[in-house]
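A.B. asks: Dropping a prediction and its sequence here:
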Amino acid sequence: MARTISIGGQNFEIIRTRGYFYIDKTSFLSEWWEGGDSVTLITRPRRFGKTLNMSMTEQFFL
Ligand SMILES: Nc1ncnc2c1ncn2[C@@H]1O[C@H](COP(=O)(O)OP(=O)(O)OP(=O)(O)O)[C@@H](O)[C@H]1O
Ligand SMILES: [Mg+2]
């Protein structure tokens with residue numbers, strides 16, 4: 001069954017618990033952590049999932 005796209009959704013917990021369409025980007029966590037950088041600059045265009053990725057990272061470290 002097709003999943004609903006959460007247009008405008010930026011909250012990882014809501015997107016996952018309500019079962020909205022989600023492209024798994026959780027591998028970002030290990031890549032970023034193992035990189036060991038003290039500062040990370042994320043340069044991506046608008047609507048590329050930056051805020052949702054930050055929400056995912058926040059949830060992981062809760
Ligand atoms: N991993 C993902 N899986 C499914 N949909 C996604 C994913 N990442 C982003 N989206 C979709 O793209 C939309 C934009 O994501 P988000 O607001 O995180 O982007 P942004 O890069 O922070 O944008 P802006 O530059 O405007 O702040 C989300 O509301 C969601 O609908
Ligand atoms: Mg944003």
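C.D. replies: That came through fine. Ligands and ions are numbered 1, 2, ... in the order given.

A.B. asks: what does the protein have sitting close to ligand 2?
C.D. replies: By C-beta under 5 Å from the ion, the residues of the chain that approach ligand 2 are Lys50, Thr51. The C-beta positions use only the backbone N, C-alpha and C, and glycine is treated the same way.

A.B. asks: where's the nearest residue to Gln59 once chain neighbours are set aside relative to Ser55, distance?
C.D. replies: Distance criterion C-beta to C-beta, 6 or more residues apart in numbering; nearest residue to Gln59, sequence neighbours excluded, is Phe12 at 5.0 Å. In this view, Phe12 and Ser55 are 4 Å apart by C-beta to C-beta, to the nearest Å.

A.B. asks: Can you give the contact residues for the lengthiest helix in the chain?
C.D. replies: Scanning the chain for the helix with the most residues, using DSSP state H, yields helix 50-60. Contacts to helix 50-60, defined as C-beta atoms under 8 Å, 6 or more residues apart in numbering, come from residues 9-13, 15, 25-26, 28-29, 32, 42, 44.

A.B. asks: 10 Å instead?
C.D. replies: Applying C-beta atoms under 10 Å, 6 or more residues apart in numbering, the contact partners of helix 50-60 are 6, 9-16, 22-26, 28-29, 32-33, 42-44, 49.
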